[in-house]
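A.B. asks: structure of the sequence below:
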Amino acid sequence: MSVVVFWIVAGGMALAVAATLVQALRRGQRAEDGPSDLHVYRDQLSEVERDLSRGIIAPDEAERLRAEVSRRVLDADRAGRDTVATAGRGVLAGAGLTVIVLAGAFWGYWQLGAPGYPDMPMSVRMADAQRWHDSRPLQAEAEAEAEARTPATSGAPDPQFAGLMDKLRAAVTARPDDLQGQELLARNEAGLGNFAAAATAQARVIALKAPKDTADEHAALAEMLILAAGGYVSPEAEAALTAALKRDPKHGLARYYSGLMLAQTGRPDLGFGLWRALLETAAPDAAFLGALRAQIGDMALRAGVEYSLPVASPGPSAADMNAAADMTEADRTAMIAGMVEQLSARLASEGGPATDWARLIAAHGVLGQTDRAATIYLEAQDRFKGRPDDLAVLRAAARQANVAGVME
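C.D. replies: Next comes the predicted model:
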């Protein structure tokens, strides 16, 4: 539908609604007025004249009746004029209110809507997202734009460190197949903020290690490319993410940046689904978790999903468990028991992701409370029924807690 046709149709509908409302007001007023009494009084006058001519009533009685009926006619006529005036004012007020409501509706659409924006059916949006994904800028163009947007900084590395970096770059240039040198160069260039140079070195690391290159190395390459492009996920960065997920489909950093790429290419619906699953399964000390929690609310809004960010779990983490292993038996038991009590109370009142339930199961196992761990495991299985990834997390925790009957 063109913009002109839209406004013609919208205007016509608005006028039709206004006319219907005014007509309804007029009908309602007429219904309240009821039938006029004037014709009744006229009939009474005619009846008085007939009775007088027949001799049924005396002339003085006829005169009195004429006066009474005439008085009623004048009263009815006066009331009718007042009713017409009141009805007119009511119709005018109703019409004015209708105009105000319609004007407010048009103003609200003009301010909050998208005047002049063409129809965007879901199929068209999907097609546009795919076209943008397929034709988006390459890494070199994105890096040039990011460099132009980034203000120059006056800070410089320590002269001694800068000298060491110059020597490292020269050594790596002379020996491009030196794996250790390339790894060191990639790490230090990234530390200096030279992400493009770091990505070049990281790509060489992957080439030298192939076919033993890992998901971590490809995810690191993707992150360097994304940072070099100012946060933009280019086709080259996407290829690195794909390589990382091919080697480890559950790689957290690769999944995080994949969700970012989906948001940038017009698919926040897919991006939110990916991020939500990642948030519910990520380790509490994951490096990307802070950024994920900060951004997932906006992703949900763009995806049209009502979402409340879960409260970070205060329960015992893997690091807590390791620290507890070095304590005395009494101190270790007291620490874990306190954490378990907090986590158990929160899950009972607020719920939580499968990772929190898994930590509670494992903690009860550490305390030797295998019966309690088994009860919580059964409850969690019911809560996460039909979600294989979450059930796998719970099953692993149950095995760790030595809960009988979880092996399949």
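
A.B. asks: number of nearby residues for Gly297?
C.D. replies: Gly297 has 13 neighbours, counted by other Cβ atoms under 10 Å. Quick note: C-beta positions are derived from backbone N, CA and C, even for glycine.

A.B. asks: quick check: chain neighbours aside, which residue is closest to it?
C.D. replies: Leu309 (6.0 Å; Cβ to Cβ, 6 or more residues apart in numbering).

A.B. asks: OK, contacts around the one you found?
C.D. replies: Arg293, Ile296, Gly297 (Cβ atoms under 8 Å, 6 or more residues apart in numbering).

A.B. asks: hmm, the last one is touching Tyr307, no?
C.D. replies: If I follow you right, that is Gly297. Yes: under the criterion of Cβ atoms under 8 Å, Gly297 makes contact with Tyr307 at 6.8 Å.

A.B. asks: nearest to Gly12 among the contacts of Leu309?
C.D. replies: Proximity of the contacts of Leu309 to Gly12 (Cβ to Cβ) peaks at Gly297, which lies at 40.7 Å.

A.B. asks: quick one: contacts for Pro137?
C.D. replies: Glu145, Tyr232, Ser234.

A.B. asks: and it, helix, strand or coil?
C.D. replies: coil (DSSP: H, G, I helix; E, B strand; the rest coil).

A.B. asks: for it, phi and psi?
C.D. replies: Dihedral angles of Pro137 (phi, psi; degrees, to the nearest 10) stand at phi -60, psi 150.

A.B. asks: and it, what's its pLDDT?
C.D. replies: Listed pLDDT for Pro137 reads 94.

A.B. asks: could you shift the numbering so residue one becomes 144, and keep it that way?
C.D. replies: All right, first residue 144 from here; so that's Pro280.

A.B. asks: where's it relative to Ala429, distance?
C.D. replies: 29 Å (Cβ to Cβ, to the nearest Å).

A.B. asks: kindly report the same for Ala305.
C.D. replies: Per Cβ to Cβ, Ala305 is found 33 Å from Ala429.

A.B. asks: I'd like the average pLDDT over the helix or strand hosting Ala346.
C.D. replies: Using DSSP states H and E, Ala346 falls within helix 338-352. Averaged over helix 338-352, pLDDT sits at 96.

A.B. asks: next: stretch 304-320.
C.D. replies: Mean per-residue pLDDT for stretch 304-320: 93.

A.B. asks: ok now that stretch, how far from the chain's centre?
C.D. replies: Mean C-alpha position of stretch 304-320 versus that of the full chain (Cα atoms, centre = their mean, to the nearest Å) differs by 47 Å.

A.B. asks: residue contacts, the residue at the greatest distance from the centre of the chain?
C.D. replies: In the chain, the greatest distance from the average C-alpha position (Cα atoms, centre = their mean) is reached by Gly198, at 91.8 Å. Going by Cβ under 8 Å, 6+ apart, Gly198 touches no other residue.

A.B. asks: now it, what are its backbone angles?
C.D. replies: According to degrees, to the nearest 10, Gly198 has phi 80, psi 20.

A.B. asks: just Asp301 next, same as before
C.D. replies: Note on Asp301: its backbone torsions stand at phi -60, psi 130 [degrees, to the nearest 10].

A.B. asks: same deal with Tyr450?
C.D. replies: phi -150, psi 130.

A.B. asks: just to check, it is in contact with Leu422?
C.D. replies: No: counting by Cβ under 8 Å, Tyr450 does not reach Leu422; the two are 10.1 Å apart.
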